[in-house]
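>>> sequence? don't have it. structure:
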């Protein structure tokens, strides 16, 4: 990864933490190893907030991450995606590796809740120029950064659709957060709301899919901060027609139960491969998974 801020090469104007990041990061190795490998989680949040984060470059500073699977992406040091990538090599490595392994050249896929593009970039690379990706993201700042990361990788096969998804077509307020990973149509996670909101268009995924010509969708990644059941309710035609494999977040047992109630009657099965984050699951339709693709 490149610790230098990609948009500012005048190092004399950089914050001292950014200019000396490589040295600082090396000196922090014992703390990083503790945070990454020590099994007891209690107290790690205090260490992060009190010792590690204050030594990171300032809020807007960015670095370029060469993703372990494919592609590169610009992230901010102090945001969840950036800090997680610094500590663990990337964000949700097992999930990224699954998507790269599952997808084939020419596939059609969707990234629902694309954020700044970690999955969009990887999926776009995996399906190649002969494939296509629809990336849905409602937050204006995220959209700008998403497009920049797609351009950084030369991905003309990923179409960004600036909207939220739900079970009906309407305008809703998107509650913004201090970290771009957490905007939500529902409630922002405790302590992360920045107190502002923006009106966004909400669409049913079925309608967006129909407008795209009803392609045969092979894979959908879905992470929309608690609104996943509503997205599924607005995508029943697509799901029943294509039976795509879903990589989907369910932050609570209640949300997971609702997703199971919606998807299992359609013939889907649920799995959680080794290494997946506790809140991430696969839903797949056994009869529709090609024989050359493995669900672990």
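Nice, I can see it. Predicted model, so just to flag it, every value in this text is computed and none were measured.

>>> where are the low-confidence patches of the stretch 151-296 of the chain?
For the stretch 151-296 of the chain, applying pLDDT under 70 flags the ranges 190, 296.

>>> one more: the stretch 1-150 of the chain?
Scanning the stretch 1-150 of the chain with the threshold set as pLDDT under 70 gives 1-13.

>>> what about 80?
Across the stretch 1-150 of the chain, residues meeting the criterion (pLDDT under 80) sit at 1-14, 68.

>>> what about the strands in it?
Applying DSSP state E, counting those that start in this stretch to the stretch 1-150 of the chain gives strands spanning 62-66, 72-76, 108-112, 132-136.

>>> most tightly surrounded among the ones you listed?
Highest mean neighbour count among the strands of the stretch 1-150 of the chain (mean count of other Cβ atoms under 10 Å): strand 108-112, with a mean of 27. Heads up, the C-betas are built off the backbone N, CA and C, glycines and all.

>>> neighbouring strands - and their directions - for that one?
Here strand 108-112 is paired, per DSSP bridges, with strand 132-136 (parallel), strand 217-222 (parallel).

>>> and it, how far out from the chain's middle?
Relative to its chain's centre, strand 108-112 lies at 12 Å (Cα atoms, centre = their mean, to the nearest Å).

>>> then stretch 179-192?
Chain-centre distance of stretch 179-192: 14 Å, with Cα atoms, centre = their mean.

>>> now do the buried residues in that stretch.
For stretch 179-192, burial by neighbour count (16 or more other Cβ atoms under 10 Å) applies to 179-185, 188, 192.

>>> mind putting the residues you listed in CSV, secondary structure and distance to residue 80 included?
Shown next, in CSV, are these (DSSP: H, G, I helix; E, B strand; the rest coil; distance: Cβ to Cβ, whole Å):
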residue, secondary structure, distance to residue 80
179, coil, 5
180, coil, 8
181, coil, 4
182, coil, 8
183, coil, 12
184, strand, 14
185, coil, 19
188, coil, 13
192, coil, 9
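
>>> burial of residue 201, as a residue count?
By other Cβ atoms under 10 Å, the residues close to residue 201 number 15.

>>> and it, which of the three is it?
Three-state call for residue 201 (DSSP: H, G, I helix; E, B strand; the rest coil): strand.

>>> hang on, isn't it packed against residue 163?
Yes: applying Cβ atoms under 8 Å, one finds residue 201 in contact with residue 163, separated by 4.5 Å.
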